[in-house]
Structures are given as C-alpha cells and as structure tokens.
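1. predicted model and sequence below, questions to follow.
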Amino acid sequence: MPLLTRRNLLKASAVAGAYGVGVGIAGKFGVAEAAPEPQVLKALKTTASLTDSGVTKDIMTWGDAGMPPVLRMTKGKPFAARLTNTLDEPTTIHWHGLRIANKMDGVPFMTQPYVYTGDSFDYAFTPPDAGTFWYHPHCNTLTQMGHGMTGVLVVEDPDDPTFDAEVVLNLRDWRLGGDGQFIAAFRPRDAAKTGTYGTVRTANWHQEPQYDAPAGGLIRLRIAVTDVTRIFSLKMEGAEATVIALDGNPVPKRFPLDLLLIGPGQRLDLAVRMPDNEGAIATLEDIRGTTPKTIAKLRAVGTSLKRNVGDLTALGENPVAKHDLSAAQKIPLILSATAESAPVDSICGTLGYSFWAINKIPWPGDTPDPTAPLAELKLGKSYILQLENVTPHTHPIHLHGMSFTVLSSPTRDVMPLVTDTYLVQPDEKVQLAFVADNPGDWLLHCHIIEHQKTGMTSYVRVV
Ligand code: C2O
Ligand code: CU
C-alpha cells in the first residue's frame, strides 16, 4: 500500500482504484475555473471479491475499478460529472451534504427526471463547503446502494491544515449468504425496527483492511458511513484520535474520539497521531453490540515524524448562513411509527410496506405524485425544526440542500454542530435551526433506507 501523502496524491491516483483506497482524480478539475470536462460516472453491474466464498455477482457501482471512486473537488471551484446509465433500471446521483442548486440534487421527479437505461445526465455545480461528503443514487435505493452504489466525496480547501497522509474509509455492509451472493435485502419485521443489518462488514470494500501511515505522523482519517442500516460506535485503539469535523463541518471545539455514535449518511474527520514505533498498529473499532469489531487498521512505517496534534491549524469555517433566532418560525416534526399499509408502486422502488411516518404521513419519496410539503419556507428566513422522535429507535435524519445548526435538546447535551444529518435518539426532542437560503423542494428523511422507503420521508419547499 503506497503512502497517500499530499505529495504522492497525483501519482497514487492512477493506482488507487486497484487498491480500493480512497483517492480519486485529484487536481484534474480542481484547477479549472470555468466549465470543467465532466468526470464520467458510468453506472454498471459488475462482480467483486468481498469474501473468501468466491466472487459476488450483481454488484452495482460507477466506473470499472470496483468501489465507486473517491471524488475530489475544491471548495468554490466548478465541478462536473456525467452520469451514464448502463444498469437495467433507472438511477440518479444525489450529492449528500452539498449545498448546491435544486436541479442538481438528484431526486427523481422532484428535481430531475430519472435517468433511464442508456441515458445520461450532466451534473455541474460548485461546492460551497469543504469537507467529507458522499454520493449515492436516489432511485430504488435499497437495492442500488445495498449492492454497492455509495461513494465518498472530498471537497478540499487549499487552506486546510497540512497532514502527513490522508486515508479515506467508506464504511458499509453487504447482505450476502454463505455462498457470497446477495440474499433478500431486508426483512419486513426488521424494517419496522432497527432496519435489517448486512452480514459482511467492509471498509473500502475490504474486510478489516490495513493501511500504512508515517510513524509519529498526523493522518487525516475521513470516515463516511454509507451503509443503508448500521449505526457505529467508533473508537480508536493504539493511537490518539481527535475529532476535527463532523458531517463535513469543523466541530466548534476539537475533542478526543471516545465512543462516538455515527449513523448512515454521517461523516467523521479524525486527526490521528500515529504511534512512534515502526510496526505499531492503530485500530479503528466499532464497539456497538457485544464484541468490538475491527473496522480498519493503520500501521506505522518509517522513523517517527514526532508530530503533535496541537500543531494542526484550524479547519476553515464553511460559509453557512447564520440563523436569526429572534425571527425564526418553528416547524414541528414528529417521527413516528404508522399503521401498516401497502404504498402504491413506484418506478424508483417500493418495499411494499408503510411502517413509519413524519407528522403522521407515511411517504416513501421518489414518486411522481409527492405528498404536500411539510412546510413552505420563505427564501432567506430562519426556521427551527422541532424534531420529536416518539419511537424507541434511532433515526439519522437528513435534510437536502441546506445545513442546520443543532440548537438544543431537552433530553441530552448536544454540541452546536453544523450538519446535514442528525442522529435522533429514541424519545429525543431536538431543535435544529437553519436559514432557508436555497430555493426548491428539499427532501428530509431518515437515512436508514428501510425507514426512508417505508414512510419516513417528507420535504420542505423554499420559495
Ligand atoms: Cu443521502 Cu436523500 O440522501
Ligand atoms: Cu429511521
């Protein structure tokens, strides 16, 4: 495994695909000011080697090198991608967490037509925020994401602090049987509870991969939970790890990583201070559940660089508009279970059940005739989502197109994080404030895909 230092980034990008590590095409578009050449993202079906039981068929991805490429772009610089669809079903791409124009948001019917087999769609936007984000389809998502279509997206800031290396981890599971082939994507009984877990856990499509990193160096570890179900409780053994950003935005105050809960859709940026001794291993673990599970390992190589996490300069703030609490209107938002019913069929996939609802209305999203919006918001005004989870389950609630600030929760201590996805605990109430500064219809949904697709979806309209 080559070291993924900044200096080696360009060199490494040529081979990174083969290693499944997170370096996409760096620099190619980052320098272009005007209309860059689109990066082609070809949606296709392929096979992959995920387990010892042989090659897994029916993998879905973009590109032909296994895991979807880690897309790299630069804050404030135009980016373009051309989706070409060679799957035998429609698809789209949603750029999770990017505050871009509504027509680039990738939601079928709501923001664009779905992209049929053989068709293509051009996405073009300028990412306003730096950080770790990700991309995925918004059509038949339990299948398409479950079969592989979840990629990490890195928006660089030229003023980012200098790390000695960077490692990107795309965390996800696969629902495979003993023969290494896909089994039923979900069990209705589980969809009505936590969601159905995968059977094989991977980071960058490998089980417990190990990467080399400079001894005594500072590593930027970018983690994206792209799984359709699993919530992680992350911990680092064998190295000091500091949380520097969550969901693409710098944390108000850095803190040591100690059992951080992070759910589907969320991202975590860590500054990892590698051990000084060559060969020493730092292990990222998930300690949710009974036995700790290794996610990935970093092995110290070379003579110690003797770096200090205190040397890292701050990450730049993202230009998210500041809400005005005195004028903010409140929007109640109740997450609940619903009486079971069968939703109407949809071209973008239905699971055949309604189990969940937002403000009592179950809607699976991605349908040609959406329900009414949760609220109509006035462009430029401040709002507070008053979120109340009346279920005994945890829900990562994601808002498209705008970032919000976590204000307060009467049920637990919260940090004033700026984010696009909030992990609402069972029976939690929380207030999320934002400025409705992006016109259009914006989805709001649980990112446990079985919850989303069995009713826990709605949207706000900004006019
Ligand atoms: Cu990751 Cu509707 O989004
Ligand atoms: Cu949920």
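-> That came through fine. Ligands and ions are numbered 1, 2, ... in the order given.
2. for the residue in the stretch 101-250 of the chain that ligand 2 sits nearest to, give me the pLDDT.
-> Residue nearest to ligand 2 within the stretch 101-250 of the chain (Cβ to the ion): Gly195, separated by 7.2 Å. Where C-beta positions appear, they are placed from N, C-alpha and C, glycine not excepted. You'll see Gly195 listed with a pLDDT of 97.
3. what about it, which SS state?
-> With DSSP: H, G, I helix; E, B strand; the rest coil as the basis, Gly195 sits in coil.
4. what's the neighbour count on the nearest residue to it once chain neighbours are set aside?
-> Spatially, and ignoring its direct neighbours in sequence, Gly195 is nearest to Thr229 (3.8 Å; Cβ to Cβ, 6 or more residues apart in numbering). Here the count is done by other Cβ atoms under 10 Å, and Thr229 has 24 residues near it.
5. Thr229 touches Thr196, doesn't it?
-> Yes: using Cβ atoms under 8 Å, Thr229 is in contact with Thr196, at 6.2 Å.
6. list the contacts for the residue nearest the centre of the chain?
-> Centroid-nearest residue in the chain: Gly265, 3.6 Å away (criterion: Cα atoms, centre = their mean). Applying Cβ atoms under 8 Å, 6 or more residues apart in numbering, we find Gly265 in contact with 96, 134, 225-226, 396, 398, 420-421, 447.
7. out of those, who's nearest ligand 1?
-> Taking Cβ to the nearest ligand atom as the measure, ligand 1 lies nearest His96 of these, at 3.6 Å.
8. distance of the closest one relative to Thr419?
-> Per Cβ to Cβ, to the nearest Å, His96 is found 12 Å from Thr419.
9. swap in Gly248?
-> 8 Å.
10. in the stretch 1-150 of the chain, where is pLDDT below threshold?
-> 1-34 (pLDDT under 70).
11. strands of that one, start to end?
-> Secondary structure of the stretch 1-150 of the chain (DSSP state E, counting those that start in this stretch): strands at 39-51, 54-62, 71-74, 79-85, 94-96, 120-125, 131-136.
12. once you drop chain neighbours, what's closest to the residue of the stretch 151-300 of the chain found nearest ligand 1?
-> Relative to ligand 1, the nearest point of the stretch 151-300 of the chain is Gly265 (5.0 Å; Cβ to the nearest ligand atom). The shortest distance from Gly265 to any non-neighbouring residue, by Cβ to Cβ, 6+ apart, is to His447 (3.6 Å).
13. that's a helix at Gln452, yeah?
-> Yes: with three-state DSSP as the criterion, Gln452 is part of a helix.
14. so which helix or strand takes in the spatially closest residue to Ile449 that is not a sequence neighbour?
-> Nearest non-adjacent residue to Ile449, counting by Cβ to Cβ, 6+ apart: Val228, 4.1 Å away. If you go by DSSP states H and E, Val228 is not part of any helix or strand.
15. Val228 contacts Thr194, correct?
-> No: applying Cβ under 8 Å as the test, Val228 and Thr194 come out as separate, 11.7 Å apart.
16. when these two are compared, which one has more neighbours?
-> Ranked by neighbour count (other Cβ under 10 Å), Val228 and Thr194 place Val228 first, with 30 against 16.
17. ok, that one - contacts?
-> Neighbour list for Val228: 141-142, 145-146, 172, 195, 198, 264, 448-450 [criterion: Cβ under 8 Å, 6+ apart].
18. hang on, the earlier thing: which SS class is the residue nearest to the centre of the chain?
-> Criterion first, three-state DSSP; result for Gly265: coil.
19. also Trp356?
-> When classified by three-state DSSP, Trp356 comes out as strand.
20. let's have the chain start at 29 instead
-> Sure, I'll start counting at 29 from here, so that last one is Trp384.
21. ok, back up a step: spit out the residues that contact Thr257 and Thr224 alike.
-> Joint contacts of Thr257 and Thr224 (Cβ under 8 Å, 6+ apart) are Glu478.
22. follow-up on the earlier one: of His124 and Thr447, who's got more company?
-> Each of His124 and Thr447 has its neighbours counted (other Cβ under 10 Å); His124 has more, 27 against 23.
23. isn't that one up against Pro165?
-> No: the criterion here is Cβ under 8 Å, and His124 misses it with Pro165 at 11.0 Å.
24. what residues does the protein put near ligand 2?
-> Residues of the chain found near ligand 2, taking Cβ under 5 Å from the ion as the criterion, are 423, 474, 476, 479.
25. with just CA atoms, put stretch 271-281 into PDB.
-> Written as PDB, here are the backbone C-alpha positions of stretch 271-281 (Å, rounded to 0.1, in the frame of the first residue of the first chain):
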ATOM      1  CA  VAL A 271     -12.400  14.700  16.200                       C
ATOM      2  CA  ILE A 272     -11.900  17.700  13.800                       C
ATOM      3  CA  ALA A 273     -15.000  17.700  11.700                       C
ATOM      4  CA  LEU A 274     -18.500  16.000  11.700                       C
ATOM      5  CA  ASP A 275     -20.700  15.800   8.600                       C
ATOM      6  CA  GLY A 276     -18.300  18.000   6.600                       C
ATOM      7  CA  ASN A 277     -18.200  20.900   9.000                       C
ATOM      8  CA  PRO A 278     -15.500  21.600  11.500                       C
ATOM      9  CA  VAL A 279     -16.500  20.900  15.100                       C
ATOM     10  CA  PRO A 280     -16.900  24.000  17.300                       C
ATOM     11  CA  LYS A 281     -14.200  22.600  19.600                       C
END
